[in-house]
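Asker: What follows is a predicted structure for the sequence shown.
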Amino acid sequence: MTNGASNRVQKLFSPGERVLTKTGKPFVIEEIGEERIRFRLLASDRRMSLKQSRLALVIDNFEEIRNSDNFERAVNDVLKRFGDSDSANEPYLYGLAQESLKRQVAFAPEAKRQFNTVPKGDDISGLSRVDRRFWVVSPNVTDNPSTIDLWKEAIRRHHAAFMGWGPDDPDHRLGSKFAKSIVPGDIILVARRSYGPDVVGFGVVTGKYQQRLRDFAAPDKKWINGSIRKLSPFISVSTVPNRVPIMSVLNHTRSLCQLHPDWNADHRKVCHWMSTALVQSTAKNGKQSLRSSPKVAKSKVRSKPHVDPAQFDFSQRSAEMVRTARKLEAALVRDFKKWLRDRGHVVDQLVYGRLLCDAHEKDRNNLIEAKSSNRREYIRMAVGQLLDYAFLGKEEFGTPNMAILLPKKPEAEILNWLESLTVKVIWKQRKAFVDNAHGVFT
């Protein structure tokens, strides 16, 4: 259980208070501990307890539970989703969660001032609003695993969040909520939970919802009457600083969820991280700067008089350097292929005339190019090769998953750049191989 959940309950409740269950039965809180809440049933004088970690999950998913036909089953479904269960306390979890959400209003203004404050001198549209709200929207727009990467590419290219359900869909109220409840100035985080955090980016909502965009073609035929919210400024993100509790805002499976930084400490940290980054991004004339991201060396772009292309890395390398690089790449590919074969995957190569890719896995349509170094010029060449191979083989194999195989994990700046191109990375970690695509390539 997080300290945030414990602090939340301690602020809202005191020992001796009476709370009602979903069915109206009263119980009295006797003790609020770090791990458990102990209470007594008035009807039978029986003493019971429940875990605060379970209460936190029920509160965070209360909207889903409240709209269910069977609240007891809905409570347990939420707990099971996160590897937990409690078949004895559903009415009390529901009652405490419902009362918690009612009482949050009592201290919401003070908390709102804490995370809505914009640094002095910064005034950007929407970010100075004290009533702005924060939302999480899933990048899995049409609930189709095969098109998620294409939707991510569209989100980054168009700086927009997408909803698969229409604004007037009577069977899916989240479609209307996305289009009509979210207003300009609100902040949307596009992310989901998938064996860990899968974050695309975040931005400030601008304008009313749209259903068409210039140069936008939906990646999935299921997307017919969906809606779009433009985000400006927008910051593309693939990795989140360790001190930002991103998983705490992804404890749901819905396509749209509102965050509650006014009473949830973890939500407040995530919202503050986004707000600060967006303010800095705008204050620096569009330069995106995540203050809490790992620091990387900043290289300035400048112009210079034209000279002979002496810096063309691969044409200027000595024969010995080329041979060494090829040996390292061959060894890396050989080890990677063995790693995949041991796990039941078949790896071959694709031939494009005189061109040859390093590895192709047909079953998962993975296209991989290996490089012997993490230096930017090596990675830059790999990107060009992958894009060329993908274009040449599109008619035969469709759109592949692309990744660069490297001897070690690259810097965060490289990962963010490649993420914007929908190119993933595989690297060697001791005797194993890992990727930043939740195991798609490993």
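Answerer: Ah, there it is. Numbers count the residues shown, from 1 in each chain.

Asker: quick one: what helix or strand has Asp169 in it?
Answerer: Using DSSP states H and E, no element contains Asp169; it sits outside every helix and strand.

Asker: and the closest residue to it other than its chain neighbours, which of the three is it?
Answerer: Distances taken as CB to CB, 6 or more residues apart in numbering put Gly175 closest to Asp169, at 4.3 Å, once the chain neighbours are dropped. The C-beta positions use only the backbone N, C-alpha and C, and glycine is treated the same way. The three-state assignment at Gly175 reads helix, by DSSP: H, G, I helix; E, B strand; the rest coil.

Asker: Now do stretch 259-269: distance to the chain's middle.
Answerer: Here the centre of stretch 259-269 is set off from its chain's centre by 17 Å, with CA atoms, centre = their mean, to the nearest Å.

Asker: ok, and for it, which residues are buried?
Answerer: If you call a residue buried by 16 or more other CB atoms under 10 Å, then stretch 259-269 has these buried ones: Leu259, His260, Pro261, Asp262, Trp263, Asn264, Ala265, Asp266, His267, Arg268, Lys269.

Asker: cool, and stretch 335-342?
Answerer: For stretch 335-342, the neighbour count (16+ other CB under 10 Å) marks Phe336, Lys337, Trp339, Leu340 as buried.

Asker: biggest helix in this structure, by residue count?
Answerer: Ranked by residue count and defined by DSSP state H, the top helix of the chain is helix 319-341.

Asker: and the next element down the chain from that one?
Answerer: The C-terminal neighbour of helix 319-341 among helices and strands, as given by DSSP H and E, is strand 351-352.

Asker: per-residue confidence averaged over that following strand?
Answerer: The predicted model gives strand 351-352 an average pLDDT of 76.

Asker: helices or strands up against the helix or strand following it?
Answerer: As assigned by DSSP H and E, the chain's next helix or strand after strand 351-352 is strand 355-356. Based on contacts counted as 3 or more CB pairs under 8 Å, 6 or more residues apart in numbering; DSSP states H and E, the elements that strand 355-356 packs against are helix 376-392.

Asker: Alpha carbons only: can I get whichever helix or strand comes after the helix it packs on in CSV?
Answerer: Next in sequence after helix 376-392, counting helices and strands by DSSP H and E, comes helix 394-397. Output in CSV follows, covering the C-alpha atoms of helix 394-397 (Å, rounded to 0.1, in the frame of the first residue of the first chain):
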residue,chain,number,x,y,z
LYS,A,394,5.6,-3.5,-47.9
GLU,A,395,3.7,-5.2,-50.7
GLU,A,396,4.9,-8.7,-49.7
PHE,A,397,5.0,-8.4,-45.9
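
Asker: Just checking, which helix or strand succeeds helix 394-397 along the chain?
Answerer: In the C-terminal direction, the helix or strand that comes right after helix 394-397 (DSSP H and E) is strand 401-406.

Asker: elements contacting that next one?
Answerer: Identification of packing neighbours for strand 401-406 by 3+ CB pairs under 8 Å, 6+ apart yields helix 319-341, strand 366-370, helix 376-392, strand 423-429.

Asker: Just say which of the ones you listed is most tucked in.
Answerer: Comparing those by mean neighbour count (mean count of other CB atoms under 10 Å), strand 366-370 ranks first with a mean of 24.

Asker: so how far is it from its chain's centroid?
Answerer: When distances are taken as CA atoms, centre = their mean, strand 366-370 is centred 24 Å away from the chain's centroid.

Asker: what's in contact with it?
Answerer: Counting contacts by CB atoms under 8 Å, 6 or more residues apart in numbering, the residues outside strand 366-370 that touch it are 329, 332-333, 336, 350, 357-361, 382, 385-386, 389-390, 393, 400-406, 426, 440-441.

Asker: Which neighbours in the sheet does it have, and how are they oriented?
Answerer: When sheet partners are counted by DSSP bridges, strand 366-370 sits next to strand 359-361 (antiparallel), strand 401-406 (parallel).

Asker: Can you give me the domain assignment for the chain?
Answerer: Described in terms of automatic domain parsing, the domain architecture of the chain consists of the residue ranges 3-106, 108-283, 313-435.

Asker: quick one: average pLDDT of the longest one?
Answerer: The one in question is domain 108-283. On average, the pLDDT along domain 108-283 is 81.

Asker: quick one: it to chain centroid distance?
Answerer: A distance of 10 Å separates the C-alpha centroid of domain 108-283 from that of its chain, computed with CA atoms, centre = their mean.

Asker: Any idea how many residues pack against the spatially closest residue to Arg66 that is not a sequence neighbour?
Answerer: Leaving aside its sequence neighbours, Arg66 sits nearest to Gln98 (CB to CB, 6+ apart; 7.7 Å). By the criterion of other CB atoms under 10 Å, Gln98 has 20 neighbours.
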